[in-house]
Every structure is written in structure tokens, then in C-alpha cells.
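>>> Okay, sequence plus prediction incoming.
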Amino acid sequence: MAYKKTENTEKNYVDAVISVRRVTKVTKGGKRFSFSAVVVTGDQKGNIGLAQGKSREVSSAIAKATSRARKKMINVALRGTTIPYPVVGRHGASTVILRSAYKGTGVIAGGAMRAVMDVVGIKDILAKSIGAPQHQNVVKATLNALAQLRSASHIARLRGKTIAEITRGSHVSAS
């Protein structure tokens, strides 16, 4: 996995190339090679996008995937440098478990998940991938898990309560 940081006029994006695959199409005249690239793009402030690009050259496949990923970005609810609560994500035969970690723990994640955490801006997390190890499915499962996260203010707004009422817990009697 290669990382490349690109500058844009209004935002700084970090791009991580998850995988590049060569695809061969056999025709009457011979073999035609094309390339498929999977790229994750983020601003390291909670926004992340994933896309796939296909082309006859590797560089144009990566460029297509990068531009598509920037158009399809989602916002992830973060709590400082970690996630607010444990979450499980699934895609295909891949399952990932993400757990929040104390400051200074670092990113304890393997392979494709580490690239996603770097791009989204998570510095402290515990992550485990279970099931199929295919990069594309692991990344989609990780994005599925991150998309499930909600901030305390969002949950309070949905329930029509204040943040203090939600974080207080059920062990405090209402008076």
C-alpha cells in the first residue's frame, strides 16, 4: 500500500492506494491488459471516501479512483483521536471489530485497516479483522463500521435530550 499526500486549493487530502490489480482480457487478437485500483481518500479530520478506478494505465486508474473517492466522501464521528464506542462492521465474508483506545495507544490494526485509519485521522484505536482477508472487502467492512458511529450531540438531537442527560447514565435516579 502506497501513501501519497496531495494538496488541493481549499483542502488537504491524503490518498492511500489499497490495491492495484492487473486484469487480462483475452481476445481474438491477443491479450488486453487493464488495471483496477482501489483508493481511499480523506482529510484526516473525519472525512473519508472509497472508490475504484479502471483504466489501461496504472496512473490513470489511480487518478480516476482518487477523483471518485473525493466525490463520495462520508463524515465519521470521532472523539478526539479515537472513536466514541466499539463497533462491528461487515462486508461480504469480512468482519472488522473497532474499539476505542486511550491516547498514546496508536493504531493497532493490520494492512488495509491501518491505511483507512491514517486517512480518516484516527490516531488511537484497536482493530481486528476476522474472516476473509481480501483488501477491498476489509476496507468496505471498516467503512461500514465507521459509518455506524454517531456523536453524542447527534444522538441527543435524535432523542430530544441534552448531552448531559444521555451521558449521565441510567444509574442516576431522576429527581
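Sure thing, it's come through.
>>> switch to C-alpha atoms for all contacts and neighbour counts from now on
Noted.
>>> could you point out which element follows the helix or strand where residue 96 lies?
Secondary structure assigned from DSSP states H and E places residue 96 in strand 94-100. Per DSSP H and E, the first helix or strand lying C-terminal to strand 94-100 is strand 107-108.
>>> for this structure, what spans make up the strands?
For the chain, the strands defined by DSSP state E cover 2-7, 12-27, 30-42, 47-55, 74-75, 87-91, 94-100, 107-108, 125-131.
>>> Tell me which of the ones you listed sits nearest to residue 148.
The closest of the strands of the chain to residue 148 is strand 87-91. By C-alpha to C-alpha, the value is 7.5 Å.
>>> among the strands of the chain, which is the most enclosed?
Here the criterion is mean neighbour count by mean count of other C-alpha atoms under 10 Å, and of those the winner is strand 47-55, at a mean of 23.
>>> and the angle from it to strand 30-42?
Per axes from the mean of the first three to the mean of the last three C-alpha atoms, to 10 degrees, the angle that strand 47-55 makes with strand 30-42 is 170 degrees.
>>> Run the chain-centre distance for stretch 57-64.
For stretch 57-64, the gap between its own C-alpha mean and the chain's C-alpha mean amounts to 20 Å (C-alpha atoms, centre = their mean, to the nearest Å).
>>> That's all I had, so thanks and see you.
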